[in-house]
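Colleague: this is a predicted model, with the sequence first.
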Amino acid sequence: MSNRNKALLLAFASGLLSLGMEIIWTRLVSFTHHTVPQSFAYVLFAYLLGIALGAHVGKLVCNRSEGNDSILWKVAGQSLIWSAAFDVIAMAIYAVAPLNPYGDAIYLLVAIALSAGIKGVVFPIVHYLGSMRGDAALGASISNVYAANVAGATIGPLFVGFVLMNLVTLQQAMAICALAALLVWGIVSRSATGTKHKWLAVVTAGVLLAGLALADKHLLIRELVANEHGREMKVGYINESRHGTIHTLEMTDGSTIVYGENLYDGKINTSLVNDINGIFRVYALAAMHPTPKKILVIGLSGGSWVEVIRHFAHVESIDVVEINPNYLDLVKHHAEVAPLLNDKRVKIHITDGRKYLKQHSKEKYDLIVMNTTWHWRAYSTLLLGQDFLMSLRNALAPGGVVAFNTTGSMDVFHTAAQTFPFAGLYSNFVFASDHDVRADLRQNVARIVEVGRVVSAKQNADEAALNWIAWRVAMTPIQLPSEVAFKRPPEVVTERNMITEYKYGKGFLH
């Protein structure tokens, strides 16, 4: 391979590996920072800073080489080796070292900037090596190098984000990218590298191959979870894909907590008598509609809500919209909720909730239930803003009821009150409709009892306890906006202001 072709390969690889690793860092930081919207911005800032500093170092190397290409090939090769070694070390340290919020932010800034900076050193060097200096084709040769780099920078995030992350875990994707850097070094610059760096390359490759061969391909996620929740916690199910990471914690009382992208996503529990996940909120819906034939559920999660809803009287069909298909695999692993997958009335649509409503704009539902996300997560406005709530209102049949989780945001409750003819706060849920549903809840305790009896048939629930708890569910007040004490004047949430994520969100250092 000629030096010019090697330079083009190096330009392509530096773009691909640099932007590919940015995707991996973004996924890692988003996981540990609970998908707050600032996560991506923080990684982007650190990455751009690192690339700029690395490019400056590369420029200095070019200036000091005095036209000696062998020095530049040597430095480019060393950068590839250190790139692979550093990424392994930096992520391993982050996985096992408990850090306070400020220490975490500082470490990530330094680690991500160095990760990008080491790769950024190659960028000016490869332009120098790939250009035809003193030739009439200088401009064209520089353009070719730049085009190769842009092609790599375009393909890298697409391949890593949409292909690689759907085939392997986060730690495996990192190892593959690091091995790719060593492979490129072996092709373009092995002969120009000193003995010490060759040994570093060999050792790094050995560590990476050992990491790929680990029986526990989810080790990185387990360590990150242990850092946050304590090493005495038992991590059960883990599923990683481009759709996100799902894991469960197995508690000492036998309960299972579901986490989506490292955020509490509920517990697998359907019993009203032994309510450990606020399941009473969905039981309350049984009292609010006499014949809920057609139901829409946005967000499957662990399946507990759908499992209860399918036992409502008169149900003919339940459309479940879930954006992450891996929740179906989670449901299969738990006998308490797995039967919903075999119910012919339940149809699961793997798509986005907004997209589904647009594609089925003529469908009308008696009940719409959405227990989806925390109000401060990235993109939460797309499900909690007034535009989407209006879509839910339009999808309601006359007399229908919408129920969704505010997760403690009074702005979301206020937005619902400005969107629906009736909206009340029940625990931390909003019940909304075209009519006042408070009387329905108080007067139809028997419907709650009946659903609880059917669901708990295999659990030998105490009948007296079931009746008592159902009565308490019916007597729990639904509060009107005028009855709620707001800590500040509430505001309407829209897709333009995104106040749940930014103005009143948690922030990066939460």
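Modeller: Yep, it's here. Numbering: from 1, shown residues only.

Colleague: strands along the protein, start to end?
Modeller: Taking DSSP state E as the criterion, the chain carries its strands at 234-241, 244-250, 256-260, 263-267, 294-298, 317-322, 346-350, 365-370, 396-405, 422-426, 429-433.

Colleague: okay if I get the ones you listed as CSV plus mean neighbour count?
Modeller: C-beta: built from backbone N, CA, C; applies to glycine. Output for those, formatted as CSV (neighbours: other Cβ atoms under 10 Å):
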stretch, mean neighbour count
strand 234-241, 18
strand 244-250, 21
strand 256-260, 23
strand 263-267, 18
strand 294-298, 25
strand 317-322, 21
strand 346-350, 17
strand 365-370, 24
strand 396-405, 21
strand 422-426, 21
strand 429-433, 24
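
Colleague: domains for the chain, by residue range?
Modeller: Domain assignment of the chain by automatic domain parsing yields the ranges 3-221, 232-265, 269-483.

Colleague: same question for the last one, mean pLDDT?
Modeller: To tie it back to what came earlier, the one meant is domain 269-483. Averaging pLDDT along domain 269-483 gives 94.

Colleague: quick one: it to chain centroid distance?
Modeller: 23 Å (Cα atoms, centre = their mean, to the nearest Å).

Colleague: would CSV of the domains of the chain with distance to K503 be doable?
Modeller: Conversion of these to CSV gives the following (distance: least, Cβ to Cβ, whole Å):
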stretch, distance to K503
domain 3-221, 11
domain 232-265, 20
domain 269-483, 9
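
Colleague: can I get the strands of the chain in a markdown table with distance to E336?
Modeller: As requested, those are exported to a markdown table (distance: least, Cβ to Cβ, whole Å):
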| stretch | distance to E336 |
| --- | --- |
| strand 234-241 | 14 |
| strand 244-250 | 13 |
| strand 256-260 | 9 |
| strand 263-267 | 10 |
| strand 294-298 | 17 |
| strand 317-322 | 17 |
| strand 346-350 | 15 |
| strand 365-370 | 18 |
| strand 396-405 | 21 |
| strand 422-426 | 24 |
| strand 429-433 | 22 |
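
Colleague: quick one: closest of the ones you listed to I112.
Modeller: strand 244-250 (19.3 Å; Cβ to Cβ).

Colleague: how about the CA coordinates for that closest one, as CSV?
Modeller: Written as CSV, here are the backbone C-alpha positions of strand 244-250 (Å, rounded to 0.1, in the frame of the first residue of the first chain):
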residue,chain,number,x,y,z
GLY,A,244,-31.3,1.4,25.4
THR,A,245,-30.4,-0.6,28.5
ILE,A,246,-32.9,-2.4,30.6
HIS,A,247,-31.9,-4.0,33.9
THR,A,248,-33.5,-5.3,37.1
LEU,A,249,-32.6,-5.3,40.7
GLU,A,250,-33.7,-8.3,42.7
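
Colleague: between the domains of the chain, which gets nearest to M498?
Modeller: Once the domains of the chain are compared by Cβ to Cβ, domain 269-483 is nearest, at 4.8 Å.

Colleague: sorry, back to before: looking at the domains of the chain, spot the one closest to N497.
Modeller: So among the domains of the chain, domain 269-483 is nearest, using Cβ to Cβ, at 8.0 Å.

Colleague: out of the strands of the chain, nearest to H510?
Modeller: Per Cβ to Cβ, nearest to H510 of these: strand 263-267, 11.7 Å.

Colleague: other SSEs contacting the closest one?
Modeller: strand 256-260 (3 or more Cβ pairs under 8 Å, 6 or more residues apart in numbering; DSSP states H and E).

Colleague: what about the nearest residue to Y327 once chain neighbours are set aside, neighbour count?
Modeller: Nearest non-adjacent residue to Y327, counting by Cβ to Cβ, 6 or more residues apart in numbering: L300, 4.8 Å away. Neighbour count for L300, taken as other Cβ atoms under 10 Å: 27.

Colleague: what's L300 sitting at in phi/psi?
Modeller: Main-chain dihedrals, L300, degrees, to the nearest 10: phi -80, psi -50.

Colleague: change the start of the numbering to 46 and stick with it
Modeller: Taking 46 as the first residue, the last one we looked at is L345.

Colleague: I'd say it and L373 touch.
Modeller: Yes. Between L345 and L373 there is a contact at 7.3 Å, judged by Cβ atoms under 8 Å.

Colleague: tell me who's in contact with the residue nearest to Y372.
Modeller: V351, V365, E367, Y372, L373, V376, I393 (Cβ atoms under 8 Å, 6 or more residues apart in numbering).

Colleague: and the nearest residue to S234 once chain neighbours are set aside, how many neighbours?
Modeller: Spatial nearest neighbour of S234, excluding adjacent residues (Cβ to Cβ, 6+ apart): G122 at 3.0 Å. G122 sits with 25 neighbouring residues when counted by other Cβ under 10 Å.

Colleague: touching, G122 and I232? I think so.
Modeller: No. Assessed by Cβ under 8 Å, G122 is found out of contact with I232, at 10.2 Å.

Colleague: which ones are touching the residue lying closest to V195 once chain neighbours are set aside?
Modeller: Spatial nearest neighbour of V195, chain neighbours left out: G60 (6.5 Å); criterion: Cβ to Cβ, 6+ apart. Taking Cβ under 8 Å, 6+ apart as the criterion, G60 is in contact with A193, N194, V195, A196, G197, A198, T199, G201.

Colleague: same check on F553?
Modeller: Neighbours of F553 in contact, by Cβ under 8 Å, 6+ apart: H78, V81, Q83, S84, Y87, A150.

Colleague: what's the overlap in contacts for L345 and L373?
Modeller: E367, I393.

Colleague: quick one: buried residues of the helix of greatest length in the chain?
Modeller: Determined from DSSP state H, the single longest helix within the chain is helix 48-77. Residues of helix 48-77 classed as buried: 51-77 (neighbour count, 16 or more other Cβ atoms under 10 Å).

Colleague: quick check: M520 touching R487?
Modeller: Yes. M520 lies in contact with R487 (Cβ under 8 Å); the separation is 6.9 Å.
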